[in-house]
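In: model the structure of this input:
(2 chains)
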Amino acid sequence: MYKAGRICIALLVLVALVAVVWYVRLGGRAPAAETWPARADVDARSSAAPTTAVAPTSWELAAPGQAYDYNFDLMARVISAEAKGEPYVGQVAVGAVILNRVEHPHFPKTIPGVIFEPDAFTAVSQGTIWLPPTASAIRAAQDALAGWDPTGGALYYYNPAKATNWWITTRRFLVQIGSHVFYR
Amino acid sequence: MILLGLVTLREHRLRREIELRTENQYQRAFQEVVYHLDGLEQELAKALAAGSTNQTAKAFADAWRHSESARSAIGQLPIATVPLSATEDFIGRVAAFTYTLSQKGASGATITDREWNVLRDFRRQAKFAAEELAKMGEDFATGALRWTEFQRDTVAAAATRPERAPESTPSNQVTKGFKMLEDGMTRFPSPDLEGVLPPPERKLPQVPGAAIGTDEAVRVAVSFVGPSVVAGRRAGVVGRVPSDPEAYRIQIPAGGGRGAVWVDVSVKGGRVLWMMDETPIGAATVAPAMAEAIAADFLASRGFENMRQISRQVHEGVAVIGFACEQDGVLMYPDQVVVRVALDTGRVDGFEGTNYQVFHKVRRIAPPGVTESQARAALNPRLDVTASRLAVIMDDFYKETLVYEFRGTLDDQTYLVYVNADTGEEEKIKRVGPQGIETV
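Out: The predicted structure is shown next:
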């Protein structure tokens, strides 16, 4: 009787240990499934925004219908994750850096190419770009695409309060916006 | 205990599997870089020897494809902090050059002696790059180093200033390999591409006019934003941005329920390049069509004359409306501004006019060399034309061209087709998508 009880306890402890290991292994994934909305919701939210109306002249400005614009959505996600808590102009600045890279011969030629370059953006390395973008990040993406560039042509930026980056400081300093320092 | 051991073992194996998958992707990207540089070298060699326009055009098209693929594969390698600018410059330029030549070939032009010489230099350079990379590939293939290890080491190294002489770790071997590649690439003569390709670091010209001081810049900013928005807040210069063109950055601090307003005023000429009001935006009450009128009024009140609306985007409670200047009935695409209207109260809360401020002038417009109906003959007869007008467009060299802009539909798509008003040749085609005009 006594022996059986000890075996029981030992088994319980083992099961608990396995459960702990299991939980640790799943790590970021387990809570993620609960708090992240389904992809479809997020995508609908950020792509349903463009509204089209009948324009007054024969030079109608946009064709009717709505399409999911993956470039726009990706930019909004990176801005949202990289520049949360930054001034609005600082959010537009992150979008401008992405577009400046697309234009520059040293970087991939497409928005997804630039965003998913290994180690290019912390938000990608840490997976936070898969959180739904904020409304202001969506506006900032639109403004960057429309031509606003508060960085004066930056290709790099970092947050000196959160990271040390000796390499980046070898580049040409342009401007500081909020807590981000921008370089070319 | 045994169970725990088994679980840990499983963990370890899973981790290794994932790391190996990443490693294989990096290996693939690296091998692809080498493969495409090899291919590029081969096609450039063919182009050098080819006698017919037919064969050269084919070689250029293939060389262009290889160089773009090499660039895309480089972008997949974990080398964000490895200095590779000479190699990347080379690939970017060879891509632009072979693309330009394949376009010329398509219109029947043969290559000039100068272009042939550039090609010869480029081929030698491609050969060198492919060989250097192949050498480095051996280190990875023999298992001496993994890309994932290299990634960890270089990311850590980039964070801190290198104090000591680098140790001879496998990662440093690879860094040395990349450095040898870079040094070799910079030793090649830089080919004369003036006028053939736009410079890699394209700069906008300065705004015409004399340099202004900070006080004057603040005055310009405040009068542009308007007294009702400034509302007694004290504007000041917060910095000088070395942008093209160079600008004073003026800020009106947040306060009284309003967000900060940022204004960049050009140092030369003292013109507002852009403005952004950070006041939070509430629920939309103003229709986008109304916003168009508000934006047009704003421009008129700030001295922008004869502006015609060319685009509109609406997202998350703001409308972003694009305008271009019209002169003598001709639309000037280089003279563009964008106005942002917050749809909660219908106020202008953003302006971007760098291109307008740099390029706007009263132009001498020569009468078109071909008539509208002659230009129309260049169009695809299947295109159902709904409108046409004269416009000026600008290329990568800032060269302006007078064109007929035709708007037409084909199938269920809407297009804008630009026909040169002097030669009657089709210059470019754009498609109007749900998001507005697609820039291709």
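In: residues in the stretch 301-440 of chain B within reach of chain A, list them.
Out: Contacts of the stretch 301-440 of chain B with chain A, taken as CB under 8 Å from any CB of the partner chain, map to B:309-318, B:320, B:322, B:336, B:338, B:340, B:350, B:352, B:354-355, B:386-387, B:407, B:413-414, B:432-437. Placement of C-beta: from N, CA and C, glycine included.
In: now a PyMOL select for only the buried ones of the residues you listed.
Out: Buried residues among these (16 or more other CB atoms under 10 Å in any protein chain shown), as a PyMOL selection:
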select buried, chain B and resi 309+310+311+312+313+314+315+316+317+318+320+322+336+338+340+350+352+354+355+407+414+432+434+435+436+437
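In: among the residues of the stretch 301-440 of chain B next to chain A, which lie within helices?
Out: Residues from those lying in helices, with DSSP state H as the criterion: B:354-355.
In: I'd like the average pLDDT over whichever strand or helix holds B:Ala134.
Out: Element membership of B:Ala134 [criterion: DSSP states H and E] is helix B:113-141. On average, the pLDDT along helix B:113-141 is 90.
In: what's the first helix or strand after it?
Out: Per DSSP H and E, the first helix or strand lying C-terminal to helix B:113-141 is helix B:147-159.
In: what is that next one packed up against?
Out: helix B:2-49, helix B:170-187 (3 or more CB pairs under 8 Å, 6 or more residues apart in numbering or on different chains; DSSP states H and E).
In: can you do 10 Å?
Out: Secondary-structure packing of helix B:147-159 (3 or more CB pairs under 10 Å, 6 or more residues apart in numbering or on different chains; DSSP states H and E): helix B:2-49, helix B:113-141, helix B:170-187.
In: could you dump those into CSV with mean neighbour count and distance to chain A added?
Out: Output for these, formatted as CSV (neighbours: other CB atoms under 10 Å in any protein chain shown; distance: least, CB to the nearest CB, whole Å):
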stretch, mean neighbour count, distance to chain A
helix B:2-49, 16, 5
helix B:113-141, 18, 14
helix B:170-187, 16, 12
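In: residue in the stretch 101-250 of chain B nearest to chain A?
Out: Chain A sits closest to B:Ser243 of the stretch 101-250 of chain B, with a gap of 2.9 Å, by CB to the nearest CB.
In: can you give me the helices for chain A?
Out: A:2-26, A:29-35, A:39-47, A:70-82, A:88-103, A:111-115, A:122-125, A:135-146.
In: send me the last one as CSV with only the CA atoms.
Out: In this case it means helix A:135-146. Output in CSV follows, covering the C-alpha atoms of helix A:135-146 (Å, rounded to 0.1, in the frame of the first residue of the first chain):
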residue,chain,number,x,y,z
ALA,A,135,-4.7,52.3,-37.3
SER,A,136,-1.9,54.8,-37.1
ALA,A,137,0.6,52.3,-38.6
ILE,A,138,-1.8,51.8,-41.6
ARG,A,139,-2.0,55.6,-42.1
ALA,A,140,1.8,55.8,-41.8
ALA,A,141,2.3,53.1,-44.5
GLN,A,142,0.0,55.1,-46.7
ASP,A,143,1.8,58.3,-46.1
ALA,A,144,5.2,56.7,-46.8
LEU,A,145,3.9,55.3,-50.0
ALA,A,146,2.4,58.7,-51.0
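In: tell me what it is packed against?
Out: helix A:39-47, helix A:70-82, helix A:88-103, strand B:272-277, strand B:307-315, strand B:318-327, strand B:330-342, strand B:347-352.
In: how about the helices and strands packed on helix B:147-159 in CSV, adding distance to B:Gly195?
Out: As requested, these are exported to CSV (distance: least, CB to CB, whole Å):
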stretch, distance to B:Gly195
helix B:2-49, 20
helix B:113-141, 10
helix B:170-187, 23
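In: so which of those is nearest B:Pro367?
Out: Of all the helices and strands packed on helix B:147-159, it is helix B:113-141 that lies closest to B:Pro367, at 34.3 Å by CB to CB.
In: to B:Gln125, which of the helices and strands packed on helix A:135-146 lies closest?
Out: Short answer: helix A:88-103, nearest of the helices and strands packed on helix A:135-146 by CB to CB, at 23.3 Å.
In: buried stuff in that closest one?
Out: For helix A:88-103, by 16+ other CB under 10 Å, it's A:88-102.
In: need the max-distance pair from those residues.
Out: A:Tyr88 and A:Val102 (22.0 Å).
In: list the contacts of the residue found closest to A:Tyr158 once you drop the neighbours it is linked to in the chain.
Out: Leaving aside its sequence neighbours, A:Tyr158 sits nearest to A:Asn165 (CB to CB, 6 or more residues apart in numbering or on different chains; 4.8 Å). Contacts for A:Asn165 were tallied using CB atoms under 10 Å, 6 or more residues apart in numbering or on different chains; they are A:156-159, A:181, A:183, B:81, B:155, B:158-160.
In: can you redo those as TSV with neighbour count, pLDDT and distance to B:Val218?
Out: Formatted as TSV, those follow (neighbours: other CB atoms under 10 Å in any protein chain shown; pLDDT from 0 to 100; distance: CB to CB, whole Å):
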residue	neighbour count	pLDDT	distance to B:Val218
A:Tyr156	21	94	30
A:Tyr157	25	95	27
A:Tyr158	18	92	30
A:Asn159	15	92	29
A:Val181	19	95	25
A:Tyr183	19	95	27
B:Thr81	18	79	40
B:Val155	17	80	43
B:Ala158	18	74	39
B:Ala159	14	72	39
B:Thr160	11	71	41
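In: out of the residues you listed, the closest to B:Asn24 would be?
Out: For the contacts of A:Asn165, the nearest to B:Asn24 is B:Val155 (19.7 Å; CB to CB).
In: so the closest one touches B:Ala80, yeah?
Out: Yes - between B:Val155 and B:Ala80 a contact is recorded at 7.7 Å, counting by CB atoms under 10 Å.
In: mutual contacts of these two, please.
Out: A:118-119, A:167.
In: low-confidence stretches in chain A?
Out: A:1-5, A:7-68 (pLDDT under 70).
In: now do B:Gly61 against A:Gly147, distance only.
Out: For the record, residue B:61 is Ala, not Gly. Counting by CB to CB, to the nearest Å, the separation of B:Ala61 from A:Gly147 is 32 Å.
In: now do B:Arg308
Out: 17 Å.
In: those two: which is more packed in?
Out: Using other CB atoms under 10 Å in any protein chain shown, the more surrounded residue of B:Arg308 and A:Gly147 is A:Gly147, with 18 against 15.
In: now for the more buried one: which residues touch it?
Out: So A:Gly147 contacts A:96, A:99, B:274, B:320, B:322, B:336-338, B:352-355 (CB under 10 Å, 6+ apart).
In: repeat that for B:Pro242.
Out: Here B:Pro242 is in contact with A:152-153, A:172-175, A:184, B:267 (CB under 10 Å, 6+ apart).
In: filter these to the buried ones?
Out: Judged by 16+ other CB under 10 Å, buried ones among the contacts of B:Pro242: A:152-153, A:174-175, A:184, B:267.
In: which members of these are the farthest-apart pair?
Out: A:Arg184 and B:Val267 (18.0 Å).
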